[in-house]
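Trainee: got a structure for you, letters missing:
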């Protein structure tokens with residue numbers, strides 16, 4: 001038996017065997033998964049007549065696991081560039097705590113479990129949509145778009161926007177205009193959100209060879225794109241109120257948040273040099289998270305209260 005050339009794999013195997021549960025949780029990208037769960041709850045609550053609590057919980061769990069599986073497969077494929085970038089080099093695979101093979105097996109197993117669980121507990125339309133979401137994120141975005149085009153975030157953002165549609169389909173077996181509107185909000189939100197970060201981390205992306213917008217088109221063009229997408233996002237964010245599936249309270253909140261987002265985007269466009277430019281981009285990045293959270297939180301609160309009143313009325317009758 002020869003051990004020539006096997007020392008690297010032995011080291012990886014040992015490192016992988018010593019991985020703790022926290023390393024596998026990190027593979028799931030828990031912060032991304034929490035956003036997926038939150039937006040999926042909004043989609044689930046849009047169902048006209050509510051959903052069985054057991055089916056609803058199981059559906060959300062399956063969607064969350066599917067999102068985590070996507071994250072694990074993303075980290076498996078991107079281990080080479082994660083090792084180069086300062087903000088990702090401590091992830092489980094580049095740091096040697098989990099091997100690529102282990103992450104691949106983990107991601108694939110969770111993907112199959114998530115899809116088939118959703119199909120069994122809810123319906124196969126929702127399962128098919130979840131399977132497509134995982135495929136889109138891993139194959140279309142991670143393997144193809146991310147390394148080939150500065151439009152990677154624009155097109156690839158669809159994967160992160162699908163959870164409300166998947167959840168609505170799980171509750172109803174159908175797709176509605178309301179769920180498509182929630183998809184649109186997340187889809188249009190994604191480019192300005194990530195490009196604000198890319199402006200600050202452009203050197204990191206350049207080092208890894210990722211064609212993010214600032215590295216390919218330049219910072220000035222990226223700032224213009226951020227402003228243009230924000231100009232579209234602000235009115236799209238108001239659509240749930242205009243179309244009647246959110247209240248006037250949501251409408252006022254969406255208008256105020258949209259105005260604040262536009263102000264920050266305009267500031268990013270105007271302030272272009274020095275530390276002030278980085279501070280403006282970081283402010284927009286941070287606020288964009290709050291923007292999306294508050295819009296969807298208001299929908300979740302309103303729909304929860306509405307369903308609660310409906311249930312109380314039925315019980316009272």
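Mentor: Perfect, thanks for sending it. The structure displayed is predicted, hence computed values, not measured ones. Numbering: from 1, shown residues only.
Trainee: low-confidence stretches in the stretch 1-150 of the chain?
Mentor: 1-18 (pLDDT under 70).
Trainee: quick one, helices of it?
Mentor: 7-17, 21-27, 30-45, 53-77, 79-82, 100-121, 124-135 (DSSP state H, counting those that start in this stretch).
Trainee: one more: the stretch 151-300 of the chain?
Mentor: Under the criterion DSSP H, counting those that start in this stretch, helices of the stretch 151-300 of the chain are mapped to 152-161, 163-172, 177-200, 202-208, 213-216, 219-236, 239-242, 248-270, 274-316.
Trainee: what's the most buried one of these?
Mentor: Among the helices of the stretch 151-300 of the chain, helix 163-172 has the highest mean neighbour count (mean count of other Cβ atoms under 10 Å), at a mean of 28. C-beta here means a position set from N, CA and C on the backbone, and glycine is covered the same way.
Trainee: between helix 177-200 and that helix, find me the angle.
Mentor: 160 degrees (axes from the mean of the first three to the mean of the last three Cα atoms, to 10 degrees).
Trainee: what's helix 163-172 in contact with?
Mentor: Residues from elsewhere that reach helix 163-172 (Cβ atoms under 8 Å, 6 or more residues apart in numbering): 36-37, 39-44, 46-48, 50-51, 55-56, 59-60, 62-63, 67, 118, 122-123, 125-126, 129-130, 133, 174-176, 178-180, 182-183, 186.
Trainee: got a quick ChimeraX command for the buried subset of those?
Mentor: Per 16 or more other Cβ atoms under 10 Å, the buried members of the contacts of helix 163-172 correspond to this ChimeraX selection:
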select :36,37,39,40,41,42,43,44,46,47,50,51,56,59,60,62,63,67,118,122,123,125,126,129,130,133,175,176,178,179,182,183,186
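Trainee: picking up where we left off before, which among the helices of the stretch 1-150 of the chain is found nearest to residue 237?
Mentor: Nearest to residue 237 among those is helix 30-45 (13.1 Å), distances taken as Cβ to Cβ.
Trainee: got the angle between the closest one and helix 124-135?
Mentor: 160 degrees.
Trainee: on contacts alone, who are the packing partners of helix 30-45?
Mentor: Where contact means 3 or more Cβ pairs under 8 Å, 6 or more residues apart in numbering; DSSP states H and E, helix 30-45 is packed against helix 53-77, helix 152-161, helix 163-172, helix 177-200, helix 274-316.
Trainee: starting at the chain centroid, how far to that helix?
Mentor: Distance of helix 30-45 from the chain centroid (Cα atoms, centre = their mean, to the nearest Å) equals 9 Å.
Trainee: any residues touching that helix, and which ones?
Mentor: 51, 56, 59-60, 63-64, 67-68, 71, 160, 163-168, 170-171, 179, 182, 186, 292-293, 296-297, 299-300, 303-304, 307.
Trainee: sorry, back to before: closest one to residue 195 among the helices of the stretch 1-150 of the chain?
Mentor: helix 30-45 (17.3 Å).
Trainee: so the closest one versus helix 152-161, what angle?
Mentor: 50 degrees.
Trainee: tell me how this structure divides into domains.
Mentor: In terms of domains, the chain is parsed into 11-175, 183-311 (source: automatic domain parsing).
Trainee: picking up where we left off before, in CSV: the helices of the stretch 151-300 of the chain, plus distance to residue 109 and mean pLDDT.
Mentor: Shown next, in CSV, are the helices of the stretch 151-300 of the chain (distance: least, Cβ to Cβ, whole Å; pLDDT from 0 to 100):
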stretch, distance to residue 109, mean pLDDT
helix 152-161, 20, 92
helix 163-172, 20, 97
helix 177-200, 27, 96
helix 202-208, 28, 89
helix 213-216, 35, 94
helix 219-236, 36, 97
helix 239-242, 37, 98
helix 248-270, 39, 98
helix 274-316, 30, 90
